[in-house]
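# Test case, fold it:
(chains A and B)
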Amino acid sequence: MSRAPRTLFEKVWQQHVVEQEPDSPAVLYVDLHLIHEVTSPQAFAGLRQRGLKVRRPDRTVATMDHGTPTQALDSELMEVQVARQIQQLETNCRDFGVRLYDLADEQRGIVHVMGPELGLTHPGMTIVCGDSHTSTHGAFGALAFGIGTSEVEGVLATQCLLQRRPKTFEVRLAGRPPQGVTAKDLILAFIAQVGVEAGRGYVIEYTGEAVQALDMEGRMTVCNMSIEAGARAGMIAPDDTTFQYLAGREFAPQGASWDAALERWRRLPSDPGSSYDKRVTLDVTRLEPMITYGTNPGMAIPISSPVPGPETFADPAQRAAVEKALAYMDLQPGKPLLGHPVDVVFLGSCTNSRLSDLRQAAALLSGRKVAPGVRMLVVPGSQVVKRQAEAEGLDRVFKAAGAEWRESGCSMCIAMNGDQLQPGQYAVSTSNRNFEGRQGRGGRTFLASPLTAVAAAVAGAVSDPRTLM
Amino acid sequence: MTHFPDIVSHAVLLPEDDVDTDQIIPARFLKVVDKRGLGEALFADWRYRRDGTPDPEFALNRPQAQGAQILLAGRNFGCGSSREHAAWALRGWGLRAVIAPSFADIFRGNALKNGLLPVQIQDEDHQRLVALVQREPAARFTVDLTAQLLVPPAGDPLPFPIDPFSKRCLLEGMDPLTYLLSLEPRIQQYEARHEHTQSA
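Predicted structure coming up:
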């Protein structure tokens, strides 16, 4: 008798349940634990208080990214509090034997750019990090999600996590998107369709032709924003694209263990006939580049559409939310966003700062200039991305156009390191959150793709990148 | 003796939907190595004007909000970032329960680990309670975790869900990490079976 068909999520979940006692959450084994300077200090303090060790330093990898400077790496320029968190992480990693990619390390970067780049992220793994965008690693067919600091402490101590089993949600992106419509536009269109709460309690699996056609970096962009739909995680079935990306990377299996791993990984995709708790299909064949107008990632529109009026929303709570968002953004309903002046363009973050993002952006920017009065900040996702981009001359394209070329880090996505908007400023950002004040108190964010970001930089206003292509 | 005695308190009203953790505590307040003292930063950008003075219009600054242990919030409360600082800040201000029609997944877990009880109620009941608190800001509620009941000043008590494990942790003062540590032999067995998967 054959067993019931199982989804990718179910296979990974079942393989990692250490214990499931009645009336208790599952005890899930964690294959890879990523840590950074902002959400780990209290966890290490907890270990010290209890006299515990890091159980599996070999499954724990640390870096510093959230508050780190992207300009000069001169510690005198660093804010005292940030410097203290960085020193604390150095001390913690030294005391507990955890591998740290520190500021001087040539392989450091945003934790969700660095992990996959080093080959740390493998299909079928469970991966956690004290950061909600850990969902990025789901692009490899890993079950990866963000956790709180108490859980960071628990994973450091036991390599396990207490988790209630989430439900499954298939998101099928059907067809092929038109030119100028990127991975970022796909995920923004999906969240705009379902809202920021649709994924609550679920793990999403992205399927369909548009997903299969994406390269790994595009898949990471899609999975990265699963949390913005409220989902616990986002996953994509591993395939040859995945395996080709991984082959030969520093921490990917080598030789005979590569062959064995490949055999295991090929069994991971959802079985035909698998059932999901919820399903949504999005036809991507007629999508446009997407842009947000409001203060959550679900408030997004096709770039040629007018800003919706609050009265077009049937749900009174949603109407109130849009009204409040438009007041914060100081936008008029019914007017197009196209042509709206922009002060800052931010190209970076764990959503869109990988080499392919920089290549796309540079190709569009080449021979053009950033409009007078606009500040464009290009922040590569890792030092490796930075060096690769420089080897290809992308930095020269950005600099010649008048953009700032920086060291890697989270930078203006979270605005902890001094890279931030001034009150009232408008930015087109390739990051993941347009929440009030996210990029600096009083700052106003339009989320979009790297292509749309470049178009805005060149025009000095929200602009359709397809007009430059 | 219970470690989570009944909460009897009036409620602060912040009924908008999708309040994200960047609002609960903006990222610039995350540059700390401690959990304490974050109550000051709770809802900082809504609570204080640019010049640093409190905005008297904001719910937490109104005289009737003082001393409240309950926040009456909207749908999908705590969405966005996984920062546990959000739960620490709410606790730091003195809150012990948040009532809402729904909570974001990571926030719910973080809240429960810090003695902050997410009280999830139906939309209709929520609307009724919001109207009540708007009318009578001093209305007192009782949250009885043992019975899983929210008791409004008038009308039927409202049941709320909580997973049995979290309930036990709160009532008995049981610590999830102590539970995990007690499973060490099982974890070792698991590792012995699965060590073929690569470590980092």
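# Low-confidence regions, chain B specifically.
Applying pLDDT under 70 to chain B picks out residues B:1, B:196-200.
# Could you identify the longest strand within it?
Looking across chain B with DSSP state E, the single longest strand is strand B:7-14.
# anything in that strand near chain A?
No. Using Cβ under 8 Å from any Cβ of the partner chain, strand B:7-14 stays clear of chain A, coming no nearer than 12.4 Å. Every residue, glycine included, has its C-beta placed from N, CA and C.
# what's the next secondary structure element after that strand?
The helix or strand immediately downstream of strand B:7-14 is helix B:21-24, counting by DSSP states H and E.
# So is that next one next to chain A?
Yes. Using Cβ under 8 Å from any Cβ, helix B:21-24 reaches chain A at B:22-23.
# which residues are contacting the first helix or strand past that helix going along the chain?
Once helix B:21-24 ends, the next helix or strand along the chain (criterion: DSSP H and E) is helix B:44-47. Residues from elsewhere that reach helix B:44-47 (Cβ atoms under 8 Å, 6 or more residues apart in numbering or on different chains): A:436-437, A:441, B:23, B:25-26, B:29, B:54-55, B:58, B:60-61.
# Turn those into CSV, columns for distance to B:Gly74 and neighbour count.
Shown next, in CSV, are the contacts of helix B:44-47 (distance: Cβ to Cβ, whole Å; neighbours: other Cβ atoms under 10 Å in any protein chain shown):
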residue, distance to B:Gly74, neighbour count
A:Glu436, 15, 24
A:Gly437, 18, 24
A:Arg441, 22, 18
B:Gln23, 12, 24
B:Ile25, 18, 26
B:Pro26, 19, 24
B:Phe29, 22, 18
B:Pro54, 22, 11
B:Asp55, 19, 15
B:Phe58, 15, 17
B:Leu60, 15, 19
B:Asn61, 19, 17
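# and which of the residues you listed is nearest B:Ala192?
B:Ile25 (42.0 Å; Cβ to Cβ).
# Strands along the stretch 351-469 of chain A, start to end?
Under the criterion DSSP state E, counting those that start in this stretch, strands of the stretch 351-469 of chain A are mapped to A:375-378, A:404-405, A:426-429, A:444-447.
# Need the winner for burial among the ones you listed.
Comparing the strands of the stretch 351-469 of chain A by mean neighbour count (mean count of other Cβ atoms under 10 Å in any protein chain shown), strand A:444-447 ranks first with a mean of 28.
# neighbouring strands for that strand, and are they parallel or not?
According to DSSP bridges, strand A:444-447 forms sheet pairs with strand A:426-429 (parallel).
# Return the residues in contact with the residue nearest to A:Ala213 when sequence neighbours are not counted.
The shortest distance from A:Ala213 to any non-neighbouring residue, by Cβ to Cβ, 6 or more residues apart in numbering or on different chains, is to A:Arg176 (6.3 Å). For A:Arg176, the contact set (Cβ under 8 Å, 6+ apart) comprises A:209-210, A:213, A:284-285.
# Between which two of the residues you listed is the distance greatest?
The two members of the contacts of A:Arg176 with the most space between them (Cβ to Cβ) are A:Ala213 and A:Thr285, at 12.2 Å.
# Settle it for me: which of the two has more neighbours?
More neighbours surround A:Ala213 than the other of A:Ala213 and A:Thr285, with 15 against 12 (other Cβ atoms under 10 Å in any protein chain shown).
# Next, find the distance separating that one from chain B.
A:Ala213 sits 29 Å away from chain B, taking Cβ to the nearest Cβ, to the nearest Å as the criterion.
# any idea of the pLDDT on that residue?
Here the pLDDT value assigned to A:Ala213 is 98.
# cool, and the one 5 residues further on?
Turning to A:Gly218, the model gives it a pLDDT of 98.
# ditto for the one 3 residues further on
Model confidence at A:Thr221, expressed as pLDDT, equals 98.
# The longest strand of chain B - which strands sit beside it in the sheet, and in what orientation?
Here strand B:7-14 is paired, per DSSP bridges, with strand B:70-73 (parallel), strand B:140-144 (antiparallel).
# Can you name the next helix or strand after the longest helix along chain A?
Longest helix of chain A, by residue count under DSSP state H: helix A:80-96. For helix A:80-96, the following helix or strand on the C-terminal side (DSSP H and E) is strand A:99-101.
# And the residue of the stretch 301-450 of chain A closest to chain B?
Nearest residue of the stretch 301-450 of chain A to chain B, counting by Cβ to the nearest Cβ: A:Phe435, 4.4 Å away.
# Verify the contact between B:Arg140 and B:Pro153 for me.
Yes. With contact defined as Cβ atoms under 8 Å, B:Arg140 reaches B:Pro153; the gap is 5.9 Å.
# Check the secondary structure at B:Met174 for me.
Using DSSP: H, G, I helix; E, B strand; the rest coil, the structure places B:Met174 in coil.
# Work out for me the element the closest residue to it other than its chain neighbours sits within.
Once flanking residues are discounted, B:Met174 sits nearest to B:Arg168: 5.7 Å by Cβ to Cβ, 6+ apart. Secondary structure assignment for B:Arg168, by DSSP H and E: helix B:164-172.
# And chain A, is whichever helix or strand comes after that helix touching that?
Next helix or strand after helix B:164-172 toward the C-terminus (DSSP H and E): helix B:176-182. Yes. Judged by Cβ under 8 Å from any Cβ, helix B:176-182 comes into contact with chain A at B:176-177, B:179-181.
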